[in-house]
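*Asks:* need coordinates for the following:
(one chain, ligands or ions: 1)
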Amino acid sequence: MGTIPSETIEQIAAANDIVEVIGSYFPLKRAGANFKALCPFHQEKTPSFIVSPSRQTFHCFGCSAGGSVFRFVMDYEHVDFPSAVRKLAARVGITVVEKSRAIGADEDRQYEARRLLLKLHAEAAEWFHANLMKREIGEPARKYLKQRGITAEKAKRWQLGYAPDEWDAFGRWARQLGYDTRDLIISGLVKAKDEDDSGQNQISNPKPQTSYDRFRGRIIFPICNDVGEVIAFSGRLLKDGEEAAKYLNSPETPLFRKGSVLFGLHKTKRALIDANCAVVCEGQLDLISLFEAGITNVVAPQGTAFTENQGRLLKRFVDEVVLCFDADTAGAQAAERSLEALLQKDRAWFNAFAYELTVRIAEMPTGQDPDSLIRREGKEAFEKRIADAPEFFDYWIARSAEQTDLTSMTAKMQLARQMAIAISYTRDPFLRGELTSKISSRLGVLKSDFETLLPKSQRERAETVEAAAVRVASAPRHDIAMLCLLALRDEEARDFLCSQNWREILAQVAGAEILARILASDLRPSDTASLNAFMATLSSAEERLVSSWLLQKMPPNAGTMVQKWWLGIRQTVLRHQLEVARSRITIPQLSAGDIVNLQKQILDLQQQLHELSQPVG
Ligand SMILES: [Zn+2]
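*Replies:* Residues are numbered from 1 along each chain as shown. Sure, this is the predicted structure:
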């Protein structure tokens, strides 16, 4: 996928009035110059959700959600930025042509190819489904599903299917409908005859008689994208213990990228948001059983282990995941040596940590999986298991205590060392700090001792952060916010700031990165579309900040105000430099030359500060 040019983003922002867009989702009420509504992102009784037609932004004073028209569509529909852009483009009839892609005929061809693949997948899903529900060949599959508690009604709801145990049943059917073998091979539903099972495609001009069906003698689960279009399939063998793989998935195709789709998400995303927690189970049947039993905040990572992309995807919906660990695997691994092996094998915890998800572990009893368990114990008992699931590190400590003697200091430090490595995957320093305190207290070791076990690179990183804090001055947040507001909204103020040596000054001020980005961008204050395009380059947290600033009243004389605020920043920086120089001069081992230099520097800084405090102009 290419990137969307910023001119296109501006054009789309200009054509989509934010009041109309949000108004098409729910009614807005006029309130003075703005519009108001009950916030869709948090529960409230009186409206604190403001849409500004003059700024073309939204902001909630309750939960501080806010941003551009793109952000609204992203957050409301839970889609990524390119999807939001395409959606808004389609709304006003603008064609989005992504850079780095050939344009014109090629673009059309790709679009056509994608449409054809989606149509083929939709029709294939119907065909597999009809095999299961209506045809005689589907009998063994019906029997199998019945025994697994999947009624006809459930099979219909999930559009389950059956692929006959024949070499060319699907291919024959599809070719009769007019699909050519080349397209069938691209879809992954059919394999070229000379293609081995490792999935190496050789698609150069295959002949019809040289292909065979990928899915044979399997229950078929359609895999959907998050808007519910079928983009791939997963096939399960009817009987366990045959030499073929139990589950077989579609290969990577133009529609399907492995490891970035979660099975069931199109049906479960609402429940995920409501629960703010995702129950992650292994297989599609587990997911269907849980969902049908009323536990609807579930996802299945699709055969492969829980990947980084899936972690990122889930973080859009929830802050917490509960991993249902198969007792069989856990048990076997535990017998081997320690939980570490298991953790190495299933990196779910790692990918979850990397995205700042809280991880809890629900271990299934030996010989049980979520599917069998919920059928045996029912919804409430299962919910209790989920609610009682210990946090990842508690689980780990408990498991380790079973296997090793944690009263031995050596064993304890060995475990602490492993945990320190696990913690180091957490990117957020605050979360890492919290985990460090928690684990050291659970293990009964000193926090400072535990910290020395953290990988060296991380300790160094922490030290650099401290060193950086000494180098930069801290200006009051409000001053930075005011300058941002002026730079965003007033042409004259922006021109003034851009003419200053802002790069050098702002590099020395903590928390001024956003102001530097505003000044570095080519946004035009009088043009709300360019403002929306700029906001599209920000993180969601930055966008919230900017949308709240935009709703503040502008000072009447922006041109002189900006000079006053800027002066304040420069004074802050000089005072900080002065402070650093004064503290340096007290260091005992300085040479005479160093002292003279520092004295000169101090005098120079004092002079500069004095000049700055003279009235402007
Ligand atoms: Zn809100």
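*Asks:* what does this protein have sitting close to the ion?
*Replies:* Contacts of the chain with the ion, taken as CB under 5 Å from the ion, map to Cys39, Phe41, His42, Cys60, Gly62, Cys63. C-beta: built from backbone N, CA, C; applies to glycine.
*Asks:* surely Phe49 touches Lys36?
*Replies:* Yes. Look at Phe49 against Lys36 with CB atoms under 8 Å: they come within range, at 6.6 Å.
*Asks:* between these two, tell me which one has more neighbours.
*Replies:* Taking neighbours as other CB atoms under 10 Å, Phe49 and Lys36 compare with Phe49 leading, 24 against 16.
*Asks:* who is that one paired with across the strands?
*Replies:* In this entry, Phe49 is beta-bridged to Ala37, Cys60, by DSSP bridges.
*Asks:* now do it, the pLDDT please.
*Replies:* Phe49 is assigned 94 on the pLDDT scale.
*Asks:* tell me who's in contact with it.
*Replies:* Lys36, Ala37, Leu38, Cys39, Pro40, Phe41, Phe58, His59, Cys60, Gly62, Ala65 (CB atoms under 8 Å, 6 or more residues apart in numbering).
*Asks:* mind putting those into a markdown table with pLDDT?
*Replies:* Below are the contacts of Phe49 laid out as a markdown table (pLDDT from 0 to 100):
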| residue | pLDDT |
| --- | --- |
| Lys36 | 94 |
| Ala37 | 93 |
| Leu38 | 92 |
| Cys39 | 91 |
| Pro40 | 90 |
| Phe41 | 88 |
| Phe58 | 95 |
| His59 | 93 |
| Cys60 | 90 |
| Gly62 | 84 |
| Ala65 | 89 |
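*Asks:* now do stretch 401-415: distance from first to last residue.
*Replies:* Stretch 401-415 has an end-to-end distance of 10 Å (CA to CA, to the nearest Å).
*Asks:* buried set for it?
*Replies:* Thr404, Leu406, Lys412, Leu415 (16 or more other CB atoms under 10 Å).
*Asks:* what do you get for stretch 54-73?
*Replies:* Those would be 55-60, 62, 65-73, for stretch 54-73 by 16+ other CB under 10 Å.
*Asks:* and the helix ranked longest in the chain, what does it pack against?
*Replies:* In the chain, assigned by DSSP state H, the helix with the most residues is helix 105-134. In terms of contacts (3 or more CB pairs under 8 Å, 6 or more residues apart in numbering; DSSP states H and E), helix 105-134 is packed against helix 139-147, helix 152-157, strand 161-163, helix 169-176, helix 181-187, strand 218-224, strand 230-237.
*Asks:* for Thr57, what are its contacts?
*Replies:* Thr57 neighbours (CB under 8 Å, 6+ apart): 18, 51, 66-69, 531-532, 535, 546-547, 550-551.
*Asks:* ugh, wrong one, Leu443
*Replies:* Contacts of Leu443 by CB under 8 Å, 6+ apart are Ile397, Leu406, Lys412, Leu415, Ala416, Met419, Phe450.
*Asks:* which helix or which strand is home to the first one?
*Replies:* Just to be clear, that refers to Ile397. In the assignment (DSSP states H and E), Ile397 maps to helix 392-403.
*Asks:* re earlier: sort the buried residues of stretch 401-415 by pLDDT and name the bottom one.
*Replies:* Thr404 (71).
*Asks:* report the buried residues of the longest helix of the chain.
*Replies:* Using 16+ other CB under 10 Å as the test for burial, helix 105-134 gives Leu117, Leu118, Leu120, His121, Ala124, Ala125, Trp127, Phe128, His129, Asn131, Leu132, Met133.
*Asks:* export the residues you listed to a markdown table and tack on distance to Pro27 and pLDDT?
*Replies:* A markdown table is the format used below for those (distance: CB to CB, whole Å; pLDDT from 0 to 100):
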| residue | distance to Pro27 | pLDDT |
| --- | --- | --- |
| Leu117 | 39 | 92 |
| Leu118 | 34 | 91 |
| Leu120 | 41 | 96 |
| His121 | 37 | 96 |
| Ala124 | 41 | 97 |
| Ala125 | 37 | 97 |
| Trp127 | 43 | 97 |
| Phe128 | 43 | 97 |
| His129 | 40 | 97 |
| Asn131 | 47 | 96 |
| Leu132 | 44 | 96 |
| Met133 | 42 | 96 |
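*Asks:* looking at those, which is nearest Asn297?
*Replies:* Ala125 (24.9 Å; CB to CB).
*Asks:* give me the residue from the stretch 151-300 of the chain nearest the ion.
*Replies:* Residue nearest to the ion within the stretch 151-300 of the chain: Ile273 (13.9 Å; CB to the ion).
*Asks:* fine, thanks again, bye for now.
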